[in-house]
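1. Take a look and give me a structure for this.
(chains A, B and C)
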Amino acid sequence: MNRRPRGIAPRIDIVVPDSWHAIYAVVKRIPKGKVASYGQVAMLAGLPRAARLAGTALFHGPPELVSKIPWQRVVNAAGRISYSEARNGSDHRQRELLEKEGIEFTAAGVIRMSKYGWDGK
DNA sequence: GTTCTGACTAGGA
DNA sequence: CTCCTAGCCAGAA
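-> Next comes the predicted model:
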């Protein structure tokens, strides 16, 4: 019940770390109709093994900032939309946005990265 | 300084 | 295909 939030806590006064800005900069470059994995975004942001940080930055970042970038184009390495209780349904919205960009999902809910994966250029 | 957490990942069963 | 595990990093307390 009264779990004390550890790790990244959602807060009102969000101070965005530099590493998060680096991640947002990469996400902005993902072309419409393409997707990138968290690990790929982290790598291009200069944080090779910080895939989890990419997810954290998009989830806990200030909405007014994250809403201005194509956050929906970042999925996990398996080509699936990452699920989390905390997302409270935003995962479903992510899929809708991607399908609207023309990205297709298999019956199992997977995006074929060979076709829709961003090459980073 | 230590400890815990997670929109992650690769590898194995 | 699915489920589980250990490893991973930076941020917050």
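2. Mind jotting down where the helices sit in chain A?
-> Across chain A, reading from the start of the chain, the helices by DSSP state H fall at A:18-28, A:38-44, A:51-60, A:63-66, A:90-100, A:113-116.
3. Could you work out which of the ones you listed reaches nearest to DNA strand C?
-> Taking Cβ to the nearest atom of the strand as the criterion, helix A:18-28 is the member of these that comes nearest to DNA strand C, at 3.7 Å. From N, CA and C alone the C-beta is placed, and that goes for glycine too.
4. can you tell me which residue is nearest the centre of chain A?
-> Within chain A, one residue has its C-alpha closest to the average C-alpha position: by Cα atoms, centre = their mean, that is residue A:74, at 3.8 Å.
5. my guess is that one contacts residue A:36, does it?
-> Yes: assessed by Cβ atoms under 8 Å, residue A:74 is found in contact with residue A:36 at 5.8 Å.
6. mind checking pLDDT for residue A:5?
-> Among the per-residue scores, residue A:5 shows a pLDDT of 61.
7. And the average pLDDT for stretch A:77-94 is what?
-> 92.
8. picking that back up, which neighbours do residue A:74 and residue A:36 share?
-> Counting by Cβ atoms under 8 Å, 6 or more residues apart in numbering, the common neighbours of residue A:74 and residue A:36 are A:27, A:30.
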